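**Student:** Need coordinates for the below:
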Amino acid sequence: RGIVPARPGIRSVAAFGEILRPVLLFFLAYAAVKSVVLYFMLGGEEELSYFDLAGIVAVLGCYGMFLSHRITYRTSDLALAEAAAAAPEPAAA
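**Tutor:** Numbering: from 1, shown residues only. From the prediction side, this is the model:
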């Protein structure tokens, strides 16, 4: 059956993902807006195409979607340990 983990001592660690999600998404949006503004302010058309700019913004957007999905549907070690600790003990024969 395997080793059953002990009860987790720090339960507040599981809440970090939900608390930090809006902060992370804000900074990703800030980086995307700042990239677009600086692209036009510094004459980015001479070095990069609009396709490159769209790619940078798309990568930041996809990374934000990945982070949000990962935080929402996570199976962390803490969640597995809590589920194992909450499971009833098998009866001894």
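**Student:** quick one, phi psi at residue 43?
**Tutor:** Torsion angles at residue 43 (phi, psi; degrees, to the nearest 10) stand at phi 70, psi 50.
**Student:** any idea of the pLDDT on it?
**Tutor:** Per-residue confidence (pLDDT) for residue 43: 92.
**Student:** now residue 82
**Tutor:** The model's pLDDT for residue 82 equals 72.
**Student:** Residue 89 now?
**Tutor:** Value for residue 89, per-residue pLDDT: 72.
**Student:** which element is it on?
**Tutor:** Under DSSP states H and E, no helix or strand contains residue 89.
**Student:** Neighbours of it, how many?
**Tutor:** 6 (other Cβ atoms under 10 Å). Using the backbone N, CA and C atoms, a C-beta is placed for each residue, glycine as well.
**Student:** check contacts around it.
**Tutor:** With contact set as Cβ atoms under 8 Å, 6 or more residues apart in numbering, residue 89 has no partners.
**Student:** measure it to residue 83 for me?
**Tutor:** 14 Å (Cβ to Cβ, to the nearest Å).
**Student:** What is the least confident helix or strand in the chain?
**Tutor:** helix 77-86 (a mean of 71; mean pLDDT, DSSP states H and E).
**Student:** Show me what that one is packed up against.
**Tutor:** Where contact means 3 or more Cβ pairs under 8 Å, 6 or more residues apart in numbering; DSSP states H and E, helix 77-86 is not packed against any helix or strand.
**Student:** Could you list every helix and strand in contact with the helix ranked longest in the chain?
**Tutor:** If you go by DSSP state H, the chain has its longest helix at helix 16-41. Here helix 16-41 touches helix 50-72, going by 3+ Cβ pairs under 8 Å, 6+ apart.
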